[in-house]
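Asks: model this:
(2 chains)
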Amino acid sequence: MSVVEAPRSDASGRGAAFSGAAGGDDLRVVEPLIFDRSRAERRAVRFPSPSEDARERASTQPDLPASVLRTAAPRLPEVSELDLLRHFNRLAHLNQAIDLNFYPLGSCTMKYNPKVNEWAARLPGLAESHPLDPEGLSQGSLELMWLLAELLKEISGFSAVSLQPAAGAHGELTGMLMARAFHRANGEGERRTKVLVPDSAHGTNPATATMVGYEAVTIRSNRRGGIDLEALRDALGPDVAALMITNPSTLGIFEDQIDQVVASVKEAGAVAYMDGANLNAILGRFRPGEAGFDIMHFNLHKTFSTPHGGGGPGAGPIGVSERLEPFLPAPIPTLVAGDAAEFRANARAGRSTPGARFALDDDRPRSIGKVRSCYGNFGMFVRAYTYIRSNGDSGLRTISEDAVLAANYLRIRLNDVYDLPYDRLSKHEVVFSGRRQKREHGVTTLDIAKAILDHGIHPPTIYFPLIVEEALMVEPTETESLETLDHFVGVMRQIAEQAASDPEAVKRAPLTTPVGRLDEAAAARRPDLRHAFAGETDAPDAPAAAPTPKAPTA
Amino acid sequence: MTYSPHTDADRERMLAAVGVESVEDLFADIPASVRASGWDVPPPLAEQEVRAELARLAGRNRIPAVSFLGAGVYRHLIPSVVGEVIGRPEFATSYTPYQPEVSQGTLQSIYEFQSLICELTGMEVATASHYDGATAMAEAALMACRLTRRSRVAVSAGVNPDHRRVLETYCSGPGIEVVTVPIDLADGGSGTTGVSAAEAALGDDVACLVAAQPNFYGQVEPMRELAEAAHAVGAQLVAVVEPTSLALLDAPGDCGADIVAAEGQPLGIPASFGGPYVGLMAARMASVRQMPGRLVGATRDREGRRGYVLTLQAREQHIRREKAASNICTNQALMALAATTYLCAVGPAGLREVAELSTIQARHLAAALEQAGLAERRFDGPYFAEVTMRVPNAARRHAALAERGIVAGYLPERDEPALRDTLLLAATELTTDDDIARLVSALEETR
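Replies: As a prediction, the model looks like this:
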């Protein structure tokens, strides 16, 4: 079994080459704050002076009155460009990332982000396109959005798509607002007040229901990890607005009774919402729109490989069924001159269609309104479109096949050392439990995650889904080679062995990361949320609150 | 092309280990009745082919040679170092810092971002970012409702109309009523929110007054008076600001703002046809537990080393689920990093130069149009770097100029019929004297 060599350590035993660069003994820091590098009058960027003519003409116009002028300049750092670059490059070195090593963070689909997508998003014709430019100047942007929406419709089986939501949770909000608009249009807005959410759902689902004024009702899972059909049918009634279900679920399992689930929901007059976070497992094999769902959000940053950016930007377009279509957010890019079929055929062949013209359709009287400024995270649309066209029909199918194969491979290779509460076919991910390690050796899943860090690998998602004790949620994705998967298997087996032979060593981990385990309770007890300048006392206190409950990471 | 590394031999080995014949067996759990029937997705493209397709689309856009278009999205210089930093794969291809020991780069940069936004706005606490300025503003209004336990929101008509539409949608969720406070639209009027109009709209059931500085039409609002009017009835002031203006204009924290929301796009982020951008939100520390979105805090590791973590997570959806302050999770970390790098690159002197040059060129532009007899200022009183000008046949001439690659700003009549025959013209530090001369002569030719 091969284990990566621990990164180079400094005297403190930590990997960061610049550890202890400042601060002295009582405050040891890995890299000082940019504010600490500031020296008065040092500069990186300069701007030209206005011309005499400009000044002269400007002087004929009203001045900003003294009453609205700022008296003390904001204390932004004053640094040279090189100092600035070194600071952020050093910070970059403290991060784990897909481009460095395996990052099997379950539910997040941390696959490789192809570089041609970045090339495309930076094309000046796209990056410099102003959203309010006259439509005649923006035909390329509008065409790209239209083409992407058409592809997402094909992929999902829905009859209409809005690209506007900026993230998955934002897509959920949009979808639930649409579900409510639908019921209101049918005169059932007052009556339908509940949204059903399985207990395995992402926290965003119930939080979204609340934001729309709905009551979230939890539906338990059955022993096989699927939604309990009996419980679902008992809960369904004339007061239910929607079911929000993640499929494949957060257990990495396909709801094998999904046909009955959707039928029951529709029969009760409710809207069937699918959380599309895990679409990566089912491309070309299951199209939620075709299967009867009314609404689904896509996560372009998961399935379609736009970079996660350390926590955004994402993009959360939604697909909807015909009956929900009138309620989509406005505006929608529309082909207003030209034939759609001809246009699609030309685009497929890489040709523009003479005479075709796109416009933004903002005349949608039953629309829920706008959920974001402009039209959404356009730069993510460029990347996702590039990715879908690169992969094409066969490539998209291969993505799901290889992602599912990798998850099943890890399931089989590790299920003898880690418990597998739901031992079924995996889709995009597999959820293990560290309960055996905890019960037998007192080593928790958190300890295991920290031990994984010492192998240069980002740990899986932990303590989620909530229905799995000591959960370890592993999503390998399709872009990791067999050698990487085997290496991970070796690391996980080694940690399981160490949990038995030397549990204290596991609890000491991580030893090679730039910082050790951090005191999160102290951070919440006395929040320090911004830099205190010299001479300033600490930031004002937040009002006291109950201690933070333990956080699952998903 | 695909990015899968697997050879057929690899796949065979994996299938054998799993104990199935073919990959098809791994999808046996999808009921036959709901299997996909097929789809019409084009075949794969090689890199040179996909590049050609994207170049074709980019080429279908026409980037104007001269543009005075702002209306909430501004073309500023983006220092080269910004692209260099956000292009680093360690920032771009990591995710939400759930494992702080291997995410200190992201976490510390967010802490620096929060610090910079506090400093810029004069507030005590800033979030790790929101989707954009519109959703930040909408979430700020909902936050004010939670803080005051009231369910009406008053918003000035001087706030970006696109953003007001988003506010309406967000408020429709929990059934919060939005009332609009008019601005003085009279010819030669102030173009700002009247304090008496605000007082008329405010009552003890109103959670907040939302007002923008400068407002959508470029005019400078009486923020202190508006804050007093809001506070007089126990409402909060949600100040919407343009971040580069804060080098010159009073910090909202000094004007009595309780919550600040802003579109951060001007801070080093390209127009990119509307996104990705970054929403900024800042508030008083006393309100922190009602803030939506992520927060990064400083702490220590076991050996006393300073480090950063996501904190106060008891507000958030993954802990509180249906009781969370918002459903937001993914935000705009990489765009926040762009704004952080931008603010550090320009520094206090550079940001001041940006703001001064923008205001000077806006005045230069207005004066040049007035002196040529082409336009008059629609409103009286001070403006920042965007100015509403009365121009006969504005819509027709705007379209004619666009044909020539000159975008003569924004047509306010799209949202406000009373502003027919006006142009909203923006200047930034990138606006040259030559740009202004070209606008003047193009307008002369379409007189």
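Asks: got the residue ranges for the strands in the chain?
Replies: No chain was given, so I picked chain A. A:160-162, A:194-198, A:215-219, A:240-246, A:271-275, A:295-297, A:318-320, A:332-337, A:357-361, A:430-433, A:461-462, A:471-474 (DSSP state E).
Asks: chain B, not that one
Replies: In chain B, the strands defined using DSSP E lie at B:66-67, B:125-126, B:152-156, B:177-181, B:206-213, B:236-241, B:259-263, B:279-283, B:296-300, B:306-310, B:376-377, B:386-390, B:406-407, B:422-426.
Asks: what's near enough to touch residue B:183?
Replies: Residue B:183 makes contact with B:156-158, B:190-194, B:197, B:215, B:217, B:219 under the criterion CB atoms under 8 Å, 6 or more residues apart in numbering or on different chains. No exception for glycine: its C-beta is placed from N, CA and C like everyone else's.
Asks: thinking again about what came up before, I'd like the strands of chain B written out as JSON lines, with distance to residue A:444, mean neighbour count and mean pLDDT added.
Replies: Converted to JSON lines, the strands of chain B look like this (distance: least, CB to CB, whole Å; neighbours: other CB atoms under 10 Å in any protein chain shown; pLDDT from 0 to 100):
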{"stretch": "strand B:66-67", "distance to residue A:444": "57", "mean neighbour count": "23", "mean pLDDT": "98"}
{"stretch": "strand B:125-126", "distance to residue A:444": "32", "mean neighbour count": "26", "mean pLDDT": "98"}
{"stretch": "strand B:152-156", "distance to residue A:444": "45", "mean neighbour count": "26", "mean pLDDT": "98"}
{"stretch": "strand B:177-181", "distance to residue A:444": "48", "mean neighbour count": "17", "mean pLDDT": "98"}
{"stretch": "strand B:206-213", "distance to residue A:444": "43", "mean neighbour count": "28", "mean pLDDT": "98"}
{"stretch": "strand B:236-241", "distance to residue A:444": "43", "mean neighbour count": "29", "mean pLDDT": "98"}
{"stretch": "strand B:259-263", "distance to residue A:444": "39", "mean neighbour count": "30", "mean pLDDT": "98"}
{"stretch": "strand B:279-283", "distance to residue A:444": "35", "mean neighbour count": "30", "mean pLDDT": "98"}
{"stretch": "strand B:296-300", "distance to residue A:444": "20", "mean neighbour count": "23", "mean pLDDT": "97"}
{"stretch": "strand B:306-310", "distance to residue A:444": "18", "mean neighbour count": "25", "mean pLDDT": "96"}
{"stretch": "strand B:376-377", "distance to residue A:444": "67", "mean neighbour count": "18", "mean pLDDT": "98"}
{"stretch": "strand B:386-390", "distance to residue A:444": "56", "mean neighbour count": "25", "mean pLDDT": "98"}
{"stretch": "strand B:406-407", "distance to residue A:444": "59", "mean neighbour count": "22", "mean pLDDT": "98"}
{"stretch": "strand B:422-426", "distance to residue A:444": "56", "mean neighbour count": "26", "mean pLDDT": "98"}
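Asks: compare these and give me the one nearest residue B:433.
Replies: When the strands of chain B are compared by CB to CB, strand B:66-67 sits nearest residue B:433, at 11.7 Å.
Asks: ok, back up a step: nearest to residue B:228 among the contacts of residue B:183?
Replies: The closest of the contacts of residue B:183 to residue B:228 turns out to be residue B:193 (CB to CB; 12.8 Å).
Asks: for the closest one, which non-adjacent residue is closest in space?
Replies: Using CB to CB, 6 or more residues apart in numbering or on different chains and skipping residues adjacent in sequence, the residue nearest residue B:193 is residue B:156, 4.2 Å away.
Asks: residue ranges with poor pLDDT in the stretch 451-554 of chain A?
Replies: By pLDDT under 70, the low-scoring segments of the stretch 451-554 of chain A are A:537-554.
Asks: can we see that at 80?
Replies: Scanning the stretch 451-554 of chain A for pLDDT under 80 picks out A:535-554.
Asks: so what's residue A:355 scoring on pLDDT?
Replies: For residue A:355, the model assigns a pLDDT of 89.
Asks: mind checking how far it is from residue B:51?
Replies: 26 Å (CB to CB, to the nearest Å).
Asks: compare those two (neighbour count), which wins?
Replies: Shown here are residue A:355 and residue B:51; by other CB atoms under 10 Å in any protein chain shown, residue B:51 has more neighbours (17 against 9).
Asks: measure that one to chain A for me?
Replies: For residue B:51, the distance to chain A (CB to the nearest CB, to the nearest Å) stands at 7 Å.
Asks: what does the pLDDT read for that residue?
Replies: 98.
Asks: show me where pLDDT drops low in chain A?
Replies: In the predicted model, chain A carries pLDDT under 80 at residues A:1-28, A:535-554.
Asks: which helix is the longest one in it?
Replies: helix A:378-414 (DSSP state H).
Asks: got the contact list for residue B:30?
Replies: A:254, A:256, A:282, A:285-286 are the contacts of residue B:30 under CB under 8 Å, 6+ apart.
Asks: how does it look with 10 Å?
Replies: Counting by CB atoms under 10 Å, 6 or more residues apart in numbering or on different chains, residue B:30 touches A:247-248, A:254-256, A:258-259, A:282, A:285-286, A:291, A:425, A:427, B:36.
Asks: just those residues: which are in helices?
Replies: Those of the contacts of residue B:30 lying in helices (DSSP H): A:258-259.
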